[in-house]
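S.K.: would you be able to build a 3D model of this:
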Amino acid sequence: MELSTIKDAFDRVTKKQKLSCSKTQEVIDQIRQEIGSALEKMQSVNNADHELDYKTVLNELKTSLLKIAPLSQMEGTQKELNIALSKYGKLLEKYFNPDISKAYRNIDIDIHTLNQIIASHFYRQGLFEIGDHFMSVVGESESAAIMKSPFLEMYQILEAMQNQNLEPALNWAATNGDKLAQSGSDIVLKLHSMQFVKILQNGSRDEALHYARTHLSPFASSHMADIQKLMGCLLWTGKLDRCPYHTLLSPSNWDKLAEELKRQFCNLLGQSYNSPLSVTVAAGVQVLPPLLKFMNVMAGKKHEWQSMNQLPVPVELDREFQFHSIFVCPVSKEQATEDNPPMLMSCGHVLCKQSILKMSKNSTKVFKCPYCPFDIDAAQCRQLYF
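M.R.: Residues are numbered from 1 along each chain as shown. Predicted coordinates for the structure are as follows:
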């Protein structure tokens, strides 16, 4: 989709609209000035010796308004605006096909799983009433409580953090400390560091020092640089705004900490940080235009695509959507690693990098895909990201 073309057309409409408004305001000011001048003349008579011919003034006003010709002045800019609007509307119809049913494929869908995905999306966004209503409508109210329970806890913690209350978050971190450590998360240190800074901002150096000895000292061996910065802040009690580490006081740190807690909370639940439904919709929006274009071509050639196992043309997605589960190379039978990542071949099949290099003699020759008759050029293979 040529979004730049649509943006340029929109900018032209905006420019013409501004010109039209400016011209209209200019004409209105001229009319207001003439009417004001006529009123002053009619009100200038103070005695009968200088009786003013009101009819003459009104005729002069009429003549002046005819000279201004407001309709003629505004006609040109309004016409240009209408033309730009008409072209913009046609452009939207061209690029935003309202009929997306052509890209729909009849497949068997597990309705129960789909309902859970939708409800989970509402719950992880904190839309608990909407989620409950949805589960009630689809007749699965009994599973709603189980699904939303962990997210209720998460949003209670996040709500407390919005009020700069870290107690619920610290309690959750203490309960799940071992799991967080196993996943390599430093969220516990970040929470204690924020609580330390909060205590110091209240002006209590002794209390802050006691808190550091109790809660921060266990991290000294692995995060010495971070601990040293926090200890340096003790010397600036009462004047933290002039502290070399004043960035630790930024209000944005609370937002970053809340996002990190949300990420780690979802990780412990075994769920992704981003809603699967959001990711699916975003990816679908990106591939829908080329998919619709392909469907129109297929329809023109009277080909049926519903029975195809895969599309005959590649559908590109941004890197943020290029992820996959654990992959085992079907040729080497080895699991993919960072040094031996999965590679997408031009035919759509996937092999590990080392297998491709071996079959292509270190990218010096083309080779046959093990699963289809396509000739593969190693240089055209693209890495898939997990």
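S.K.: return the distance of residue 331 relative to residue 323.
M.R.: Residue 331 is 22 Å from residue 323, where distance means C-beta to C-beta, to the nearest Å. No exception for glycine: its C-beta is placed from N, CA and C like everyone else's.
S.K.: what helix or strand does residue 231 sit in?
M.R.: Applying DSSP states H and E as the criterion places residue 231 in helix 224-233.
S.K.: give me the phi and psi angles of the residue lying closest to residue 183 once chain neighbours are set aside.
M.R.: Closest residue to residue 183 apart from its sequence neighbours, by C-beta to C-beta, 6 or more residues apart in numbering: residue 267 at 6.2 Å. Per-residue torsions, residue 267: phi -60, psi -40 (degrees, to the nearest 10).
S.K.: if I pick residue 267, what's in contact with it?
M.R.: Counting by C-beta atoms under 8 Å, 6 or more residues apart in numbering, residue 267 makes contact with 183, 185, 273.
S.K.: for residue 191, see how far away the second one is.
M.R.: Read it as residue 185. From residue 185 over to residue 191 the distance is 11 Å, taken as C-beta to C-beta.
S.K.: try the first one
M.R.: Applying C-beta to C-beta, one obtains 15 Å for the distance of residue 183 from residue 191.
S.K.: which one's more surrounded, these two?
M.R.: residue 191 (21 against 12; other C-beta atoms under 10 Å).
S.K.: need the contact list for residue 299.
M.R.: Taking C-beta under 8 Å, 6+ apart, one finds residue 102 in contact with residue 299.
S.K.: pLDDT score for it?
M.R.: For residue 299, the pLDDT comes out at 70.
S.K.: quick one: the helices in this protein, in order.
M.R.: Along the chain, counting by DSSP state H, helices occupy 3-43, 54-68, 70-95, 111-124, 128-137, 144-162, 167-175, 177-182, 187-201, 205-211, 224-233, 252-268, 276-300, 353-359.
S.K.: name the residues that touch the fifth one?
M.R.: By that I understand helix 128-137. With C-beta under 8 Å, 6+ apart as the criterion, helix 128-137 contacts 115, 118-119, 122-123, 141, 143-144, 147-148, 151-152.
S.K.: next, the angle helix 111-124 makes with that helix.
M.R.: 160 degrees (axes from the mean of the first three to the mean of the last three C-alpha atoms, to 10 degrees).
S.K.: identify each buried residue in helix 128-137, please.
M.R.: 131-132, 134-135 (16 or more other C-beta atoms under 10 Å).
S.K.: likewise for the last one?
M.R.: Buried residues in helix 353-359, counting neighbours by 16+ other C-beta under 10 Å, are found at 353-357, 359.
S.K.: can I get these in JSON lines including pLDDT?
M.R.: Output for these, formatted as JSON lines (pLDDT from 0 to 100):
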{"residue": "353", "pLDDT": "93"}
{"residue": "354", "pLDDT": "93"}
{"residue": "355", "pLDDT": "93"}
{"residue": "356", "pLDDT": "93"}
{"residue": "357", "pLDDT": "93"}
{"residue": "359", "pLDDT": "92"}
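S.K.: ok, the spatially closest residue to residue 315 that is not a sequence neighbour - how many residues close by?
M.R.: With C-beta to C-beta, 6+ apart as the criterion, residue 315 has its nearest non-adjacent residue at 4.8 Å, and that residue is residue 287. Using other C-beta under 10 Å, residue 287 has 16 neighbouring residues.
S.K.: from residue 4, how far off is residue 287?
M.R.: Shown here: residue 287 relative to residue 4, a distance of 19 Å by C-beta to C-beta.
S.K.: wait, which of the buried residues of helix 128-137 is closest to residue 90?
M.R.: Using C-beta to C-beta, residue 134 comes nearest to residue 90 of the buried residues of helix 128-137, at 38.5 Å.
S.K.: could you report the pLDDT at the closest one?
M.R.: So residue 134 comes in at 94 (pLDDT).
S.K.: isn't residue 216 up against residue 195?
M.R.: No - judged on C-beta atoms under 8 Å, residue 216 makes no contact with residue 195 at a distance of 9.5 Å.
S.K.: pull out the buried residues from the helix holding residue 231.
M.R.: 226-227, 229-230, 233.
S.K.: how about stretch 207-225?
M.R.: 208-209, 211-212, 215-216, 219, 223.
S.K.: before we move on, what about stretch 251-267?
M.R.: The neighbour-count check on stretch 251-267 (16+ other C-beta under 10 Å) flags 257-258, 260-262, 264-267 as buried.
S.K.: ok, stretch 85-92 next?
M.R.: 88, 91.
S.K.: and that stretch, how far from the chain's centre?
M.R.: Averaging C-alpha positions (C-alpha atoms, centre = their mean, to the nearest Å) puts stretch 85-92 27 Å from its chain's average.
S.K.: what sits up against it?
M.R.: Taking C-beta under 8 Å, 6+ apart as the rule, stretch 85-92 contacts 5-6, 9-10, 12-13.
S.K.: check residue 207 and give its pLDDT.
M.R.: Predicted confidence (pLDDT) for residue 207: 91.
S.K.: same question for residue 313.
M.R.: 69.
S.K.: and the lowest-mean-pLDDT helix or strand in the chain with helix 111-124, angle?
M.R.: Here the helix or strand of the chain ranked lowest by mean pLDDT, DSSP states H and E is helix 276-300, holding a mean of 82. In terms of direction (the same axes, to 10 degrees), helix 276-300 departs from helix 111-124 by 130 degrees.
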